[in-house]
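> Below is the sequence, then the predicted model.
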Amino acid sequence: MAEKNFQWYVLKAISGKESKVKEYIETAMRTAGWDEFVQQVLIPTEKVVQLRNGKRVVKERNFLPGYVLVEANLVDECYPRLRNVPNVLGFLSDGRSVVPTPVRQSEINRILGNVDEQESNVVTSIPYMVGEVVKVTDGPFSGFNGEISEIMQDKHKLKVIVTVFGRKTPLELSFNQVDKE
């Protein structure tokens, strides 16, 4: 049997089908004996917090959309099997050779470290933009409409300008105190 030389490779997959590729390879590892030449399959993901109807919702999204990481020993029979997995477009290579290029361990550590870091430091996406009109839903100005003049992402607050008795009044409101108009 060939020497066990496991290295990380990147499979290009149809975007949105990464989990199907992973599932197919893991099933083949259990049932068809692919575990001889494939050790693990990963889809790097990150957790993202979004505000929906004033509530924080944590979602998981692909960190590298369209790519699947595979730790494999690319012996003769492994390469065509992985290449012909449904929804796989091919291996990521350096462009100079037909043979897939293994990813350097330092890059894998950076990607995996970034994924671990993302689990502890959750990224917040802001569903608001400067100039957008919002409705105040909480506090003494509840029911007023105003225009966003500034977004303070680190504080999770917005500066909103509302018109009260014909005068423009600046308010500092948290993300969950406003709703999109």
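Yes, it's here.
> And the pLDDT at the nearest residue to Leu42 once chain neighbours are set aside?
Spatial nearest neighbour of Leu42, excluding adjacent residues (Cβ to Cβ, 6 or more residues apart in numbering): Leu69 at 4.4 Å. Where C-beta positions appear, they are placed from N, C-alpha and C, glycine not excepted. Reading off the confidence values, Leu69 has pLDDT 91.
> any residues touching whichever strand or helix holds Leu69, and which ones?
Leu69 belongs to strand 67-72 when assigned by DSSP states H and E. Outside strand 67-72, the residues within contact range by Cβ atoms under 8 Å, 6 or more residues apart in numbering are 6-13, 18, 21-22, 25, 37-44, 78, 82, 88, 92, 103, 108, 111.
> List buried residues within the residues you listed.
Buried by 16 or more other Cβ atoms under 10 Å: 7-11, 13, 18, 21-22, 25, 37-38, 41-44, 78, 82, 88, 103, 108, 111, out of the contacts of strand 67-72.
> Narrow these to those in helices?
Members of those lying in helices (criterion: DSSP state H): 18, 21-22, 25, 78, 82, 108, 111.
> can you tell me which two in the residues you listed are farthest apart?
Spanning the widest gap among these are Cys78 and Ile111, at 21.8 Å by Cβ to Cβ.
> follow-up on the earlier one: please save the CA atoms from the strand holding Leu69 in CSV.
Coordinates of each C-alpha in strand 67-72 appear next as CSV, following Å, rounded to 0.1, in the frame of the first residue of the first chain:
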residue,chain,number,x,y,z
TYR,A,67,-14.7,25.9,-1.5
VAL,A,68,-14.3,22.8,0.6
LEU,A,69,-11.1,21.8,2.4
VAL,A,70,-10.1,18.1,2.2
GLU,A,71,-7.2,16.5,4.1
ALA,A,72,-6.3,13.7,1.8
